[in-house]
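J.: Give me coordinates for this.
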Amino acid sequence: MPTSLGWRLLALGVVAVAAGRAFGILELYVIGTAAVTAVMVAWALRLAHRSRLSLNRLVSSGMVAVTEPVDVRLQVTNLRRLPSPTVLLSEQVSGEPDARFSLAPVPGGSTATSSYRLQPTRRGVLEIGPTVVSDIDGLGLAHRRRIVHRRTRVVVHPPIEALVPPRLPVGGGLSLPSDFHRRSLGLESDEFDVLRPYVEGDDLRHIHWRSTARLDEFTVRRFQPSRPGRMTVIIDTRPPGNLVNVQDRTTSVAASIVNAVLRSGDEAQVLTTDGRGTRLLSSYSEVGVALEFLALLDGGQSGIAVQLIGEGSVVVAVSASPDAIDDDGARHELAERLEASLIVTYGSGHRSTPAPALDYEGGWIHLTGPGQLPSLWRVPALAGRGVADLV
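T.: Modelled structure (predicted):
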């Protein structure tokens, strides 16, 4: 099919032929005939010399944080023996301008690579594809289009700030946060269970010398695998926590906490006050489930309808409620309603915009911008006391 340039040239050619015949001007007739012929020949060549290309799209990562670039590489393989025509590629990208670029003729049986970069500006899902492949001639007069419907999905999650992992005793209070050490006796990931008589092959390091002396026989300690702690992060999606710009920050706080908990080997879950949430995540390999949930989180409701949190879970609530920021009583009421050991607030209150702060006695961290959480999250550990012991 002719391109827009081809259609214009064809129209001018027809007008020139008609004018040349009407007024007997040979030059106009020749020019018009040449223009029409050029478009027809280009069109015929596109129909006769069709490309047969295979496209393979590779992305640098299927999951990136906001503002992190996504490098996309297209591998184009010519399945014919003859060189392909010049090709114009156009990739649709959800929420972003289409990526357009041309590819020089690819020798038969060869593969060419073309790359471009995307720069996500907000959390969500980038869907790349389909790809429109247009064969064009050297003069750009005619083209042949086909659509490759393959799509690639990239999750754009909130930014993650590096936090020191918290200590999460099984079913107990929160000691926020210090260098993470599992309480172990003899083995890195095991806990002391019971004493038993020594048998050949036991590790000599596990001999319990006091019991050996008392019982007059070698006694060793038996270990069982330590159980992970559990944390539930609840995001307050009541207004103004349902606004996109507010959720961009509250989801970042939640992502940072969940990432630290799962990385340390404990279990984590993300819930919202309007009843949405993830399943319980038991290993760091599942962090993508939480990040995708936070990437897609949108909107909220005015009430609190949190689903079952889970017995023995330490709860941290993340809120942008001005009442929770301004009023100790409202904050304490929210903590009781959600059974939270710690409230992390973000933004400004009704009266003013308070500075970033840690109320250690009240189990409260307040943030006004990015980059503040890591230092405030670490402070209780430096004091050597647990927040959960004080609320």
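J.: Please name the bridge partners of the residue most central in space within the chain.
T.: The structure's the chain has its C-alpha centroid closest to His157; by C-alpha atoms, centre = their mean the separation is 3.0 Å. Counting by DSSP bridges, His157 is bridged to Ala65.
J.: With Met231 instead?
T.: According to DSSP bridges, Ala268, Val314 are recorded as the beta-bridge partners of Met231.
J.: and it, how many neighbours does it have?
T.: Each residue near Met231 was counted by other C-beta atoms under 10 Å, and the total is 26. The C-beta positions use only the backbone N, C-alpha and C, and glycine is treated the same way.
J.: Tell me who's in contact with it.
T.: Counting by C-beta atoms under 8 Å, 6 or more residues apart in numbering, Met231 touches 166, 168, 174, 257-258, 261, 266-269, 313-316.
J.: hang on, the residue nearest to the centre of the chain packs against Met63?
T.: Yes. With contacts counted by C-beta atoms under 8 Å, His157 reaches Met63, the gap being 6.3 Å.
J.: Spell out which residues are contacts of both of the two.
T.: Common contacts of His157 and Met63, defined by C-beta under 8 Å, 6+ apart, comprise Leu291, Glu292.
J.: Need the nearest residue in space to Ser90, chain neighbours excluded.
T.: Beyond its immediate neighbours in the sequence, the residue positioned closest to Ser90 (C-beta to C-beta, 6 or more residues apart in numbering) is Val132, lying 4.3 Å away.
J.: Kindly report the same for Tyr198.
T.: Counting by C-beta to C-beta, 6+ apart, Tyr198 lies nearest to Phe218, which is 3.5 Å off, once chain neighbours are set aside.
J.: any idea of the pLDDT on the one you found?
T.: Phe218 carries a pLDDT value of 89.
J.: do you know how far the closest residue to Arg151 other than its chain neighbours is from Val59?
T.: The spatially closest residue to Arg151, leaving aside those adjacent along the chain, is Gly129, at 3.7 Å (C-beta to C-beta, 6+ apart). Plainly put, Gly129 is 11 Å away from Val59 if you go by C-beta to C-beta, to the nearest Å.
J.: which neighbours do these two share?
T.: With C-beta under 8 Å, 6+ apart, Gly129 and Val59 have common neighbours Thr152.
J.: Pick out the least confidently modelled helix or strand of the protein, by mean pLDDT.
T.: Comparing every helix and strand of the chain by mean pLDDT, DSSP states H and E singles out strand 190-197 as the least confident one, with a mean of 65.
J.: who are the neighbours in contact with Glu217?
T.: Glu217 sits next to Pro197, Tyr198 when contact means C-beta under 8 Å, 6+ apart.
J.: Recalculate using a threshold of 7 Å.
T.: For Glu217, the residues meeting the contact criterion (C-beta atoms under 7 Å, 6 or more residues apart in numbering) are Pro197.
J.: Likewise for Ala42?
T.: Counting by C-beta under 7 Å, 6+ apart, Ala42 makes contact with Gly6, Asp137, Leu139, Leu141, Ala142.
J.: related to what we said a few turns ago, following element in sequence after the least confident helix or strand of the chain, please.
T.: Next in sequence after strand 190-197, counting helices and strands by DSSP states H and E, comes helix 209-215.
J.: List only buried entries from the contacts of Ala42.
T.: Those of the contacts of Ala42 that meet the buried threshold are Gly6, Asp137, Leu141, Ala142, by 16 or more other C-beta atoms under 10 Å.
J.: Contacts for whatever helix or strand Ala16 lives in next, please.
T.: For Ala16, the host element (DSSP H and E) is helix 4-23. With C-beta under 7 Å, 6+ apart as the contact definition, helix 4-23 has outside contacts at 2, 25-26, 28-29, 31-33, 35-36, 38-39, 42, 140-142.
J.: ok, Ser115 - contacts?
T.: The neighbours of Ser115, taking C-beta under 7 Å, 6+ apart as the test, are Asp71, Val72, Arg73.
J.: TSV please, covering those residues and showing pLDDT.
T.: Below are these laid out as TSV (pLDDT from 0 to 100):
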residue	pLDDT
Asp71	96
Val72	96
Arg73	96
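J.: tell me which of the residues you listed is nearest to Ser341?
T.: Nearest to Ser341 among these: Asp71, at 41.2 Å, using C-beta to C-beta.
J.: beta partners of that closest one?
T.: Here Asp71 sits in beta bridges with Arg117, as judged by DSSP bridges.
J.: ok, so what distance separates it from Val64?
T.: In this structure, Asp71 and Val64 are separated by 10 Å, where distance is defined by C-beta to C-beta.
J.: Then Ala255?
T.: Summarising the geometry, the distance separating Ala255 from Val64, computed by C-beta to C-beta, is 13 Å.
J.: in the helix holding Ala16, what's buried?
T.: In helix 4-23, the ones that count as buried by 16+ other C-beta under 10 Å are Gly6, Leu9, Leu10, Gly13, Ala16, Val17, Gly20.
J.: Could you pull up phi and psi at Arg153?
T.: Note on Arg153: backbone dihedrals following degrees, to the nearest 10 are phi -110, psi 130.
J.: if I look at it, how far off is Glu127?
T.: To Glu127, Arg153 is 6 Å away according to C-beta to C-beta.
J.: can you confirm Asp248 is in a strand?
T.: No. Judged by DSSP: H, G, I helix; E, B strand; the rest coil, Asp248 forms no part of a strand; its state is helix.
J.: Which stretches in the stretch 251-391 of the chain count as helices?
T.: Ranges of helices within the stretch 251-391 of the chain are 287-296, 322-326, 328-338, 373-383, based on DSSP state H, counting those that start in this stretch.
J.: can you check the stretch 1-150 of the chain too?
T.: Listed in chain order, the helices of the stretch 1-150 of the chain (DSSP H, counting those that start in this stretch) span residues 4-23, 26-48.
J.: quick revisit: would you confirm that the residue nearest to the centre of the chain contacts Leu294?
T.: Yes. Counting by C-beta atoms under 7 Å, His157 touches Leu294, with 5.9 Å between them.
J.: can you redo the buried ones among the contacts of Ala42 as CSV with distance to Gly329?
T.: Conversion of these to CSV gives the following (distance: C-beta to C-beta, whole Å):
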residue, distance to Gly329
Gly6, 74
Asp137, 75
Leu141, 75
Ala142, 74
